[in-house]
Structure formats: structure tokens, C-alpha cells
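[1] Please find the sequence and the predicted model below.
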Amino acid sequence: MNKNPYEVLGVARNASDAEIKKAYHRLVLKCHPDKNAGDKAAEEKFKEVNNAFDILKDPQKKAAYDRFGDAAFAGGNGSGGGFNGNPFGGGNFNFGFGNVDMSEMMDEMLRNAFGGSGRTGAGRKRAAPEMRGRDLLHQVVISLREAFTGKTETVKFSTNVKCEKCGGFGTADGKSAPACEVCGGSGFVRTRNGIFAMESPCHECHGSGRRIKNRCSHCDAGVTHKQRELEVKIPAGCSDGARLRLTGQGEASPLGGKPGDFYIDVRIRPDKVFERDGDDLYMRANIPFTTLALGGEIDVQTIEEKTVAVKIPAGTQIGERMRMRGQGMPIISQSRNGTADRGDLYLDIETEVPKKLSDKQKKALEEFAEIAQKKKRGLF
């Protein structure tokens, strides 16, 4: 009885190629005849290891063994039984339930590997590949304020559309074309060279699986080329680089297949006032020095052009950052009672040093500086 190649190498059935090779090299070095001169057991083990590796390193042999076990390499092919036999030679193989042609076994393997493909015949043809139109991509550039409110953009483009005369089937009678006689509707033809089989697109229907005998006079295989317009709704809060998908609005497919999808890449122009980071906004707030020092209130115009009063605490420093909650961009992924939540607006505190001062302003600043200097020296 032949030994299980997985057991010979000491690896699991789901072992990777790297694990199989590692186990093989380890065992070959261990039982190599040069290291075990005159040891018959080591010599036999060396042969078993090489035979096992010969099977597991070859994807076809490995697949045959995994499916049929020792029977895949049984005698009848003129090379004797065991792992040393040629599993892909001619002749019939006895699997314990009568003689089975090797090509039958290979067809079975191919059907499993390719999802039902095999030799043509009843119940053994795979279906023709589903025809689908190409996806289309368009870029839209909007302002940050338009991204805040959302926008409906009209997109114009030229593409293949379904023929209205034949309904997209490409036939004179407007009905789906019959299956191709050459490939039987599979879209593929198979050629065999010994046990090896190759599939290629059918030369008659070009892989569609259907053959049009009487063509529609208004189109080419069910499609015509024309200008289209689409209204694309860009949601409020859309971010720069976002990609929107309109299912089924892409290019029409020949022979009545499914249309592709239409994608919109959204790019947002920089704003002069606001900078965006995720759902938050940032702006510079130029506040008079006196307000920073004494405290007070300023008016801030938000991105939605609303004026909001903000209190400035006394002693606020230049470079500080103040937070206005809920005054940022809409958050698309969240909502409360149907109203989108919003990020925050941050004010980066700045002040402007006047270039020209009146005499009165100069005198006031000099008095302030003198008092501040005395206070620093501890005179008060």
C-alpha cells in the first residue's frame, strides 16, 4: 500500500508550499544515503520522501491525490504502482469501481476548479459570462461652502446607451438572440491535446454565447452612442476626494446585458477663510489687544454666514485656540432626528499691531508700559 505523502513529510493537508518544501529539505538531509551508508531503512525512507515531495510539489498531482487518493497513481499506465508511476500517462485506471478513463478524472478536476466547466455535453457546460457595460468616471470640483450645504451638479458626457429600437438586444425583432450553435451558448470552445484541455472564447459569437442572425439596423449589438446628462446629488458634508457611485448609470452593455456604474470623484477648492480637517473647521480671529487683555465679546461669521457672538475671557493670549461647538461641517455618518450632527469651529487667536498711532494712543501706551514696568519691579 502506498504511504500518504502528507504523513511521509509530516505536514498537514492544508500546508503551504513553503511548509512542504521545508519539511522535504529537513527529511532529505536526515536520511540522505551519503550520511547513512549501508542503512537500507534510511535508503527506503529517502525514496519515500522524494516520491511524496514529487506529488505535493506538483499542483496537478497534488489535486489528483487529494481527490482520488492512492487510486490516482495506481497501475495500468505501464509504469507500475506507487508514487513512481506516471499519473498522467495514457490508459485506464481502476479506482475500485470499474475502469475510468484518465481524461474523465481530469474533466472532473477541471469542473471543480473552474466552477462547472468541463467537456461539452448535457449538464456539463458552463453558462456564458454575463455581459456588463463599462464603468464611467467623472470629476466634479466644488467650493467648501457648497460642500457644506450640498449641491446638485449636472454632468454631461458622451457614452454608449441602450438602443431604444431593439431594447438593447441588437436583433431586428427586439428579442434576445438565440444561443450560439458553435459553443452551445457557453461563449467558450474547448480543444484537447491528450489529457490537456484549453478553453478560448468562441470565434463565432466572440464569447457572448449568443449569435445575432438578423441585426437591428439602428445600432451595433444593441448600443448606440449619444450625449447624456445626469443630475448628481452631492451630500452636505462631502469630503475632498470622496467617490460617489450611481449604480447602473454607466455605459450600456451589448446584447441586453447589465449597464456599468457611474462614479463621481469630488474635489473641493480651498477656501479663503476656513480650513478643513475632517468635520472640523479652522479660521483666524483677529481680535484687538484691548479685548484680549480686558475681555469682551466679538462677532464671528460662520461658514453658513450666520453671525455668532463669542465671549473672549480677559487675559486671552495670542496663539490660543478657542472652540465653537457644532459650527463645523455636517457629519454624514451621524444624525439626530433626521438632522445631521456637525463638527466644531476653532478660532486661532491673532491680533493686529497698528502701524500708525495718534498722539493720544501713544501717550496711553507709554503710560501703560511705565505702569507695567513699575509693577514688574514690585513698586505696587
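    Now that the structure is in, tell me what you want to look at. Residues are numbered from 1 along each chain as shown.

[2] what stretches of the stretch 101-250 of the chain score poorly on pLDDT?
    Residue ranges of the stretch 101-250 of the chain with pLDDT under 70: 101-130, 194-195.

[3] same thing but at 90, please
    Counting by pLDDT under 90, the stretch 101-250 of the chain contains low-confidence ranges at 101-133, 167-170, 174-214, 218-222.

[4] For it, which segments are assigned as helices?
    Shown for the stretch 101-250 of the chain, the helices assigned by DSSP state H, counting those that start in this stretch span residues 102-113, 144-149.

[5] which other helices and strands contact the last one?
    For helix 144-149, the helices and strands in contact under the criterion 3 or more Cβ pairs under 8 Å, 6 or more residues apart in numbering; DSSP states H and E are strand 262-268. Every C-beta, even on glycine, is put in place using the N, C-alpha and C of the backbone.

[6] what's the spacing between the residue positioned nearest the centre of the chain and D344?
    To find the centre residue of the chain, average its C-alpha atoms and take the closest one (Cα atoms, centre = their mean): that gives R243, at 12.7 Å. In this structure, R243 and D344 are 26 Å apart, going by Cβ to Cβ, to the nearest Å.

[7] Now do the buried residues in stretch 319-338.
    322, 324, 327-330, 332 (16 or more other Cβ atoms under 10 Å).

[8] Same question for stretch 167-185.
    Neighbour-count burial for stretch 167-185, counted by 16+ other Cβ under 10 Å, picks out 168-171, 176-177, 179-180, 183-185.

[9] now, among these, which is nearest to A369?
    Ranked by distance to A369 (Cβ to Cβ), the buried residues of stretch 167-185 are led by G168 at 83.9 Å.

[10] need the strands for the stretch 51-200 of the chain, in chain order.
    Under the criterion DSSP state E, counting those that start in this stretch, the stretch 51-200 of the chain contains strands at 92-94, 99-101, 136-142, 151-162, 188-193, 196-201.

[11] got the ones you listed as CSV, with mean neighbour count columns?
    Putting the strands of the stretch 51-200 of the chain into CSV (neighbours: other Cβ atoms under 10 Å) gives the following:
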stretch, mean neighbour count
strand 92-94, 16
strand 99-101, 13
strand 136-142, 16
strand 151-162, 15
strand 188-193, 14
strand 196-201, 13
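
[12] okay if I get those strands as TSV plus distance to K363?
    Putting those into TSV (distance: least, Cβ to Cβ, whole Å) gives the following:
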stretch	distance to K363
strand 92-94	112
strand 99-101	112
strand 136-142	52
strand 151-162	55
strand 188-193	96
strand 196-201	93
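
[13] of those strands, which approaches D359 most closely?
    Proximity to D359 (Cβ to Cβ) singles out strand 136-142 among the strands of the stretch 51-200 of the chain, at 51.3 Å.

[14] so what secondary structure elements neighbour that closest one?
    The elements that strand 136-142 packs onto, with contact taken as 3+ Cβ pairs under 8 Å, 6+ apart, are strand 151-162, strand 223-234, strand 262-268.

[15] Go again with 10 Å.
    Contacts of strand 136-142 with other secondary structure elements, assessed using 3 or more Cβ pairs under 10 Å, 6 or more residues apart in numbering; DSSP states H and E, are made with helix 144-149, strand 151-162, strand 223-234, strand 243-246, strand 262-268.

[16] Name the residues that touch it?
    146, 148-151, 153-157, 159-160, 228, 230, 232, 234, 238, 240, 243-244, 246, 249-251, 259-269 (Cβ atoms under 10 Å, 6 or more residues apart in numbering).

[17] from the residues you listed, which would you call buried?
    146, 148, 150-151, 153, 155, 159-160, 232, 234, 238, 244, 246, 249-251, 259-264, 266, 268.

[18] for the buried residues of stretch 167-185, which one is nearest G296?
    Distance to G296, by Cβ to Cβ, is smallest for G168 among the buried residues of stretch 167-185, at 69.4 Å.

[19] wait, doesn't the closest one sit right on H218?
    No: G168 is not in contact with H218 according to Cβ atoms under 10 Å; the separation is 11.3 Å.

[20] Need the residues touching each of those two.
    The contact lists of G168 and H218 share T224, where a contact means Cβ under 10 Å, 6+ apart.

[21] how far does stretch 50-69 sit from the chain's center?
    34 Å (Cα atoms, centre = their mean, to the nearest Å).

[22] tell me which residues in it are buried?
    For stretch 50-69, the buried set under the neighbour-count rule, 16+ other Cβ under 10 Å, comprises 51-53, 55-56, 61-65, 68.

[23] can you name the two of those residues that are farthest apart?
    Longest distance between any two of the buried residues of stretch 50-69 is 19.1 Å, between F53 and F68; criterion Cβ to Cβ.

[24] For the buried residues of stretch 167-185, give me TSV that also has distance to D348.
    Putting the buried residues of stretch 167-185 into TSV (distance: Cβ to Cβ, whole Å) gives the following:
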residue	distance to D348
G168	58
F169	63
G170	63
T171	67
S176	65
A177	67
A179	70
C180	69
C183	69
G184	72
G185	68
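
[25] Which pair of those residues spans the longest distance?
    G168 and G184 (23.2 Å).

[26] May I ask you to confirm that E7 belongs to a helix?
    Yes: with DSSP: H, G, I helix; E, B strand; the rest coil as the criterion, E7 is located in a helix.

[27] Hmm, it is touching L56, no?
    No: applying Cβ under 10 Å, one finds E7 not in contact with L56, separated by 11.3 Å.
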